[in-house]
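Chemist: This is a predicted model, with the sequence first.
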2 protein chains.
Amino acid sequence: MLDKSHKHVSCSSCGARNSSLFGNFCDHEVSQVDEQKACAFYKKGQPIFIEGSFPRGVFCLNQGKVKIFTRGDEGKEQIIHIAKEGEIIGFRAMFSGEPYKVSASTLEECNICFIGKEDFLNMIDTNVTLRNGIMKELSKELGDRAIFITNMAQKSVRERLAFALLILGDIYGDEQINLTREDMANFVGTATETLIRLLKDFKDEGMIEIHTRKLEIINADKLMQLAGR
Amino acid sequence: MLDKSHKHVSCSSCGARNSSLFGNFCDHEVSQVDEQKACAFYKKGQPIFIEGSFPRGVFCLNQGKVKIFTRGDEGKEQIIHIAKEGEIIGFRAMFSGEPYKVSASTLEECNICFIGKEDFLNMIDTNVTLRNGIMKELSKELGDRAIFITNMAQKSVRERLAFALLILGDIYGDEQINLTREDMANFVGTATETLIRLLKDFKDEGMIEIHTRKLEIINADKLMQLAGR
DNA sequence: TTAAAAAAATGATATTTATCATCTTTGAAA
DNA sequence: TTTCAAAGATGATAAATATCATTTTTTTAA
């Protein structure tokens, strides 16, 4: 369990920082961010920002996983991305001048830092490396989403599930995949019942192991074959 | 029919420039781009760049429409975007450091200018307005693609077709929508036969008129209602 | 102008996946 | 520990859409 006190998490001691967009900051830059940011503990299921509202800054994940999603016409969530430790979220709306097009909420207990819009944009203006990192990230995600769209349009639910499990495997790393069936269905883009049936098939075919709510991938090769490129 | 000679199209006389990312360039900047760019005439159906290859610069559409697409496992195209006059295409791969994740080819005869990678990146570094414009564009598209993914996952083909027609109506402006049924199906994410049947339904329901290959929207409100938000 | 190829259209059928109803299990709070 | 709500699971059925085969129309190029 995470420390629930709202104490300041120092960037210099942040285990996730090295793999983040702030990874190559010098000591001076790190302490500058440290001064400007605010830290907070989030309970599981807590919203971070909501589609339609205006952004006031960006969020940096120190600990925990966060789902980024939109809601369709009937309110059903479509999960676009699952962010993990080290990721900065909400920075797209910083540049678009539009309200958030997506919502974010925690999938587990999280420690999340906040950097105000002005401070963040200032960093972007003055720090070329950060700026290039951001532009690279925006571009990379744009490419990923083109593939996401294509998968949605052309792959069967079974293939998409295989694909999704591989992505989730990456995100969860050593840990087991830990999502409700509903969230998983909303990531794959299918009905919860269909997802549950397919998970059982995958288990029977020896691709995954199901430990109640947590999933373990035991044959990634077979999943890759199923998922396609 | 367009002039097929490979003569230089001047940015200062480019009708599309005002609505482009170069729209607010001063005279000096415009003439600089003019010197650095190369112009070419493209026939209908000609590829501009192909998924997997490495980018050498960006393309600026002076005249004509271009489809941006990926190919799924079985080679079927999924159209992600249709670019029109004034749009700069292929700049995402400029920042990602990766090969193109999408392909682009012309949907009709086009005049397209090319700006080399170095020149373009140099512009980005020195011109804050252009840079902000690019970042805004990247962010905006990211939001659009989140919605695209959600539509694919949650809307019926009928709803997606209505949505697609509205987008196409915007892109084609005064002109009638002019796409093969196959391209349209690859944009909506459905089988060509399904698309053809639905178009007939839409015609019967008074939402569109079909002039052989070209389509005209005659009841946008009804389409909007069908498409959802 | 004609011939051939490409695109569009139509019908029949199969398949996938969603939906609805119901039941069971799990986990959290009293 | 018991209780209750949420999550997970299962079965039956309906609906949407893809696929395949074939025909007609349009466009392109000889």
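Modeler: Sure thing, it's come through.
Chemist: Tell me if the helix or strand hosting residue A:195 is near DNA strand C.
Modeler: Using DSSP states H and E, residue A:195 maps to helix A:192-204. Yes - in terms of Cβ under 7 Å from any atom of the strand, part of helix A:192-204 sits within range of DNA strand C, namely A:193, A:194. Every residue, glycine included, has its C-beta placed from N, CA and C.
Chemist: buried ones in that helix?
Modeler: A:195, A:198, A:199, A:202 (16 or more other Cβ atoms under 10 Å in any protein chain shown).
Chemist: my guess is the second one meets residue A:157, correct?
Modeler: Yes - contact criterion Cβ atoms under 8 Å: residue A:198 and residue A:157 qualify, at 6.6 Å.
Chemist: List the buried residues for the lengthiest helix in chain A?
Modeler: As assigned by DSSP state H, the longest helix anywhere in chain A is helix A:128-154. Buried positions in helix A:128-154, judged by neighbour count with 16+ other Cβ under 10 Å: A:130-154.
Chemist: can you tell me if it touches chain B.
Modeler: Yes - interface with chain B: helix A:128-154 contributes A:132, A:134-136, A:138-154 (Cβ under 8 Å from any Cβ of the partner chain).
Chemist: do the same with stretch A:94-112
Modeler: Yes - using Cβ under 8 Å from any Cβ, stretch A:94-112 reaches chain B at A:94, A:95, A:96, A:97, A:98, A:101, A:102.
Chemist: how about these, which pair is most distant?
Modeler: Using Cβ to Cβ, the residues of stretch A:94-112 next to chain B span at most 15.6 Å, a distance reached by A:97 and A:102.
Chemist: if you count what's nearby, which of the two comes out ahead?
Modeler: residue A:102 (26 against 12; other Cβ atoms under 10 Å in any protein chain shown).
Chemist: was I right about that one contacting residue A:71?
Modeler: No - Residue A:102 lies out of contact with residue A:71 (Cβ under 8 Å); the separation is 9.4 Å.
Chemist: what is in contact with these two at once?
Modeler: residue A:51 (Cβ atoms under 8 Å, 6 or more residues apart in numbering or on different chains).
Chemist: What strand or helix carries residue A:79?
Modeler: Here residue A:79 is assigned to strand A:77-83, by DSSP H and E.
Chemist: Show the subsequent helix or strand relative to that strand.
Modeler: Following strand A:77-83 toward the C-terminus (DSSP H and E): strand A:88-89.
Chemist: who does that next one pair up with?
Modeler: Sheet pairing for strand A:88-89, assigned by DSSP bridges, gives strand A:57-63 (antiparallel).
Chemist: what's the strand it pairs with in contact with?
Modeler: A:2, A:9, A:14, A:16, A:20, A:22, A:37, A:39, A:48-49, A:83-91, A:94, A:104, A:109-117, A:119-120.
Chemist: Just the ones of these in helices?
Modeler: Per DSSP H, the contacts of strand A:57-63 map to helices at A:94, A:117, A:119, A:120.
Chemist: pLDDT score for the first one?
Modeler: Going back to what we said before, that points to residue A:94. Looking at residue A:94, its pLDDT stands at 94.
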